[in-house]
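# Kindly generate the corresponding structure for this input.
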Amino acid sequence: MGRNITIYDIAKEAGLSHTTVSQALRNFSCVKEETRQRVLEIAHRMGYNRNFFAASLRKGSSRQIALVIPRNDNRGKMANLFDALQRMLDQNGYSLILFPLLTPENTKQVFEQVLQGGYDGVITYLYTYEQFRPYAAAFRERHCPVVVIGSPSDMECRPGIIVFDQGNLASLQEALQTLHELGHRRIVHIQDPRHAQTPQCRLIHDFVQEHGPARWQSELLVETGGQPGLEAGRCTAARLLAERPGVTAVQCPNDYFAAGLICGLHDHGVEVPRDISVIGSDNQDLCEYLIPRLSSIEIGDYNAAPQMVASLLEHLRETEWESLANCFELNSVFHRRESIGPARV
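Sure, this is the predicted structure:
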């Protein structure tokens, strides 16, 4: 007897991604009708409906986990997380299905699609719990555990909602203290205005108010167009110099933005770290290849992938969730490199 046909086999035959194939088989509105029909024809021809898919429905399991990520997260970080999660799930016979990027406008549509898809579990980032609250009970009723990555202030830890909290601020506190010891008193945190009330923003604001000049504005709100990357960082350099004269150190939303900012500052004759110190976030591989090497604050979400998968699978095995651990704090590390130095007096 031949092996069971999977969505990966259909995807290869159709020249499509496995995510598109999965969504087509579940009749998602985001898939064009002609594409859906082609996928169904190939699936029928390869025997998919009579084998793996039908068997999984009889068992009440899809063997698939939905991943929902926000549009404004950087691609390098998400790629690392996706790869780590997929490896762990593959070893346990599950596949990972990537959903359309989450925005404030499409939250309802995305989570309703996930509910309709019949997935065994969900992994998602959240900036506010309010956007997920209307669906929490529905996922629990379907015995579909949800891993939530983030640090929303209104987060609720409930059975079946597995929280991996990004609110560990120890490394950010260490970075700020290091800058203070180097003589920095005017530190700017660059942030998208949609997420300006995060615990990170409040910590930096309070630190600067305590240690820096009176009424110094510690945040610079920058519309990043959904992807705070190299170009956004480079374009922000001129605005930073104009709106925050005297700034001596900058903490950026991610490493790619920081790399772009360093290039933009150089275009204006401002050198790092001689004139301004720069710190990134996420500790991507590029930190080691920039000149100067980039200091960065790492919140270990993709390093926690094995724990996320282990907790998710534990919830899938158990029928009673009340006794299972569902609140975790992600590790936090400050990587100090050559992009920071003494404040220029």
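# residues contacting residue 69?
78, 81, 98, 99, 101, 102, 124, 125 (C-beta atoms under 8 Å, 6 or more residues apart in numbering). Any C-beta I mention is one placed from the backbone N, CA and C, and that applies to glycine too.
# need these in TSV with distance to residue 339, neighbour count and secondary structure, can you?
Converted to TSV, the contacts of residue 69 look like this (distance: C-beta to C-beta, whole Å; neighbours: other C-beta atoms under 10 Å; DSSP: H, G, I helix; E, B strand; the rest coil):
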residue	distance to residue 339	neighbour count	secondary structure
78	23	18	helix
81	24	22	helix
98	32	16	strand
99	35	23	coil
101	30	16	coil
102	31	23	strand
124	32	21	strand
125	27	21	strand
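# ok, those vs residue 276, which is closest?
Lowest distance from residue 276 to the contacts of residue 69 (C-beta to C-beta) belongs to residue 78, with 28.4 Å.
# Report pLDDT for that closest one.
Per-residue pLDDT puts residue 78 at 71.
# now the helices: where do they sit in the stretch 51-200 of the chain?
For the stretch 51-200 of the chain, helices defined by DSSP state H, counting those that start in this stretch occupy the ranges 54-59, 75-90, 107-117, 133-141, 170-181, 199-211.
# so which of the ones you listed comes closest to residue 11?
Of all those, helix 75-90 comes closest under C-beta to C-beta, at 14.1 Å.
# Which positions within that closest one qualify as buried?
Judged by neighbour count using 16 or more other C-beta atoms under 10 Å, the buried positions of helix 75-90 are 76, 77, 78, 80, 81, 82, 84, 85, 86, 88, 89.
# could you pull out the helices for the stretch 201-345 of the chain?
With DSSP H, counting those that start in this stretch as the criterion, the stretch 201-345 of the chain has helices at 230-243, 255-267, 305-317.
# Just give me how far the last one sits from the chain centre.
Helix 305-317 sits 18 Å away from the centroid of its parent chain (C-alpha atoms, centre = their mean, to the nearest Å).
# cool, and stretch 241-251?
Distance of stretch 241-251 from its chain centroid, counting by C-alpha atoms, centre = their mean, is 27 Å.
# Can I get it in CSV, CA atoms only?
Presented in CSV, the C-alpha positions along stretch 241-251 are these (Å, rounded to 0.1, in the frame of the first residue of the first chain):
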residue,chain,number,x,y,z
LEU,A,241,18.6,64.7,14.5
ALA,A,242,16.1,67.5,13.9
GLU,A,243,13.5,66.6,16.6
ARG,A,244,15.8,65.3,19.3
PRO,A,245,18.9,67.5,19.2
GLY,A,246,21.5,66.4,21.7
VAL,A,247,20.5,62.8,21.6
THR,A,248,23.4,60.5,22.7
ALA,A,249,21.8,57.0,22.5
VAL,A,250,19.0,55.3,20.6
GLN,A,251,17.1,52.1,21.2
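# Tell me which residues are up against that stretch.
With C-beta under 8 Å, 6+ apart as the criterion, stretch 241-251 contacts 172, 175, 179, 183-190, 204, 217, 220, 240, 258, 261, 265, 268, 270, 276-279, 281, 297, 340, 343-344.
# could you redo the last one with a cut-off of 7 Å?
The contact list for stretch 241-251 (C-beta atoms under 7 Å, 6 or more residues apart in numbering) reads 179, 184-190, 204, 220, 240, 261, 268, 270, 276-279, 340, 343-344.
# filter the residues you listed to the buried ones?
Buried positions within the contacts of stretch 241-251, assessed by neighbour count (16+ other C-beta under 10 Å), are 179, 184, 186-190, 204, 220, 240, 261, 270, 276-279, 340, 343.
# so what's the closest residue to residue 333 other than its chain neighbours up against?
With C-beta to C-beta, 6 or more residues apart in numbering as the criterion, residue 333 has its nearest non-adjacent residue at 4.7 Å, and that residue is residue 298. Contacts for residue 298 were tallied using C-beta under 7 Å, 6+ apart; they are 171, 282, 283, 332, 333, 335.
# Out of the residues you listed, which end up buried?
Buried subset of the contacts of residue 298 (neighbour count, 16+ other C-beta under 10 Å): 171, 282, 283, 332, 335.
# What about these, which are in strands?
The strands, defined by DSSP state E, take in 332, 335 from the buried ones among the contacts of residue 298.
# Give me the buried positions along stretch 112-123.
For stretch 112-123, by 16+ other C-beta under 10 Å, it's 113, 114, 115, 117, 118, 119, 120, 121, 122, 123.
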